[in-house]
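S.K.: Predicted model, plus sequence, below.
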Amino acid sequence: MEKRRFALIGTGNRGTTMWGKDLLAGWREHVDLTAIVEKNSLRGERARNMIGSNAPLYENIDSMLAEQKPDLVIVCTPDHTHDDIVVRALESGIDVITEKPMTTSVEKIRRILDAEKRTGRRVDVSFNYRYAPTAAKIKELLNAGEIGRVTSVDFHWYLNTKHGADYFRRWHAYTENSGSLFVHKATHHFDLLNWYLDSDPDAVTSFADLQNYGRKGPFRGPRCKLCPHAHECDYYLDLEADPFLDSLYEDPSKIDGYFRDGCVFREDIDIPDTMVVSLRYRNNVHVSYSLNTFQPIEGHHLAFNGTKGRFELRQYEAQPWEEPKQDTILLIRSFPDGKEAVERIVVPHFTGGHYGGDDRMRNMIFKPEMEDKLAQRAGTRAGAMSVLCGIAALESSRSGKVVNIADLMPELANDGSPNSLRTSR
């Protein structure tokens, strides 16, 4: 079987591990790393050593494409740069895998969709949450109609003070880079909702605020490493205590000025840290969603309410007590009809990132024999719809108005897809 020759664009944490070292370790019979592109030469060199590759390093994509002509490009750069790289690769006749979110604005979505259509190449969006075993099980249960027609969903995501704070240390803390966490982080959650419900969002309304980080902080410093408040700050990050991050970012910061331990209380941070959203779907499902970024726990709560019952899940990822290494989905039937009124469906946690979701996604993309029974493999339309949800939520939180998805991008809302906004309720 012929291997796919791929180029890795961007060598941050995700690029170096998920799409670098880990991809080569588990899928070497299917792929060959032919080039690494990283504008920070020292970071690129250190990432290449971590990956265990001798692939040539480039500081720009054009030189790499001209010399290496890969079959595939994997994009792991900051969100706002995705569209330029994706379009450049597509126009060179190359398929693309892009990390989520696919991009950050309506104009950038249009660029990618147009380029994919013009070139006939393929873009995969890295929605690994679809592949997590518990998410797949929920999709199977919904497809089977176990709770009848879904009428509403409660979906609440909790980031703890370790994970949540990290977004405010990095480039994500600025809307122009990430589109805010409505786009960068919630793109996963909006995509799950779109996929679970097999429908498009119609209208979005939201509230959001910065309540803990940024200008709300009690003090601030230039960065953790130089901060005079390090001994009293709950969010102090000792970069030297993490050899991986220290090697990948500290010395390379002398080249590009990007510090991995930025102060979470920087006054110019302009993204919210506390978010609530209401969504109405074209199939008339109503959704209540929230994202919280400074909790003492990590995980999420998810419940589907239907005409014949309810699914309920509380997934624990990190918390100050012990939990079994499994998820339990409660299937609660309104009309048991000879079945159990409450059925507990246990899904074990699997090894690998996102409880095995990362591995299953790579299998789906790279192993030709894989059958996509649950429609887990996500393309540009899924990428676009999840980003549009985030854009609409951010706009609504700022304007105080309900935002209609069709007003943001009419051509996508009426493109005739099976779950498009043209579908009647």
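M.R.: It's in. Numbers count the residues shown, from 1 in each chain.

S.K.: okay, CA-based contacts and neighbour counts for the rest of this
M.R.: Fine.

S.K.: Tell me how far residue 392 lies from residue 405.
M.R.: 7 Å (CA to CA, to the nearest Å).

S.K.: And those two? Which one has more around it.
M.R.: residue 392 (26 against 22; other CA atoms under 10 Å).

S.K.: what's the offset of the helix or strand containing the more buried one from the middle of its chain?
M.R.: Following DSSP states H and E, one finds residue 392 within helix 380-399. Chain-centre distance of helix 380-399: 13 Å, with CA atoms, centre = their mean, to the nearest Å.

S.K.: Which residues are in contact with each of residue 392 and residue 405?
M.R.: The contact sets of residue 392 and residue 405 overlap at residue 204 (CA atoms under 8 Å, 6 or more residues apart in numbering).

S.K.: Using PDB, list the CA coordinates for the lowest-mean-pLDDT helix or strand in the chain.
M.R.: Lowest mean confidence among the helices and strands of the chain (mean pLDDT, DSSP states H and E): helix 410-413, at a mean of 86. Extracted in PDB, the C-alpha atoms of helix 410-413 (Å, rounded to 0.1, in the frame of the first residue of the first chain):
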ATOM      1  CA  PRO A 410     -26.900  32.500   3.200                       C
ATOM      2  CA  GLU A 411     -25.100  30.400   0.600                       C
ATOM      3  CA  LEU A 412     -24.200  27.700   3.200                       C
ATOM      4  CA  ALA A 413     -27.600  27.800   4.900                       C
END
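
S.K.: Report all helices and strands that it contacts.
M.R.: helix 405-408 (3 or more CA pairs under 8 Å, 6 or more residues apart in numbering; DSSP states H and E).

S.K.: buried residues in the helix it packs on?
M.R.: For helix 405-408, the neighbour count (16 or more other CA atoms under 10 Å) marks 405-406, 408 as buried.

S.K.: Now pLDDT and distance to residue 225 too, for those, in JSON lines please.
M.R.: Formatted as JSON lines, these follow (pLDDT from 0 to 100; distance: CA to CA, whole Å):
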{"residue": "405", "pLDDT": "97", "distance to residue 225": "43"}
{"residue": "406", "pLDDT": "96", "distance to residue 225": "46"}
{"residue": "408", "pLDDT": "97", "distance to residue 225": "42"}
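
S.K.: Now render these as JSON lines, adding distance to residue 197.
M.R.: As requested, the buried residues of helix 405-408 are exported to JSON lines (distance: CA to CA, whole Å):
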{"residue": "405", "distance to residue 197": "16"}
{"residue": "406", "distance to residue 197": "18"}
{"residue": "408", "distance to residue 197": "21"}
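
S.K.: Closest one of these to residue 313?
M.R.: Nearest to residue 313 among the buried residues of helix 405-408, counting by CA to CA, is residue 405 at 28.4 Å.

S.K.: mind listing what that closest one touches?
M.R.: 201-204, 388-389, 392, 413.

S.K.: Thanks a lot, catch you later.
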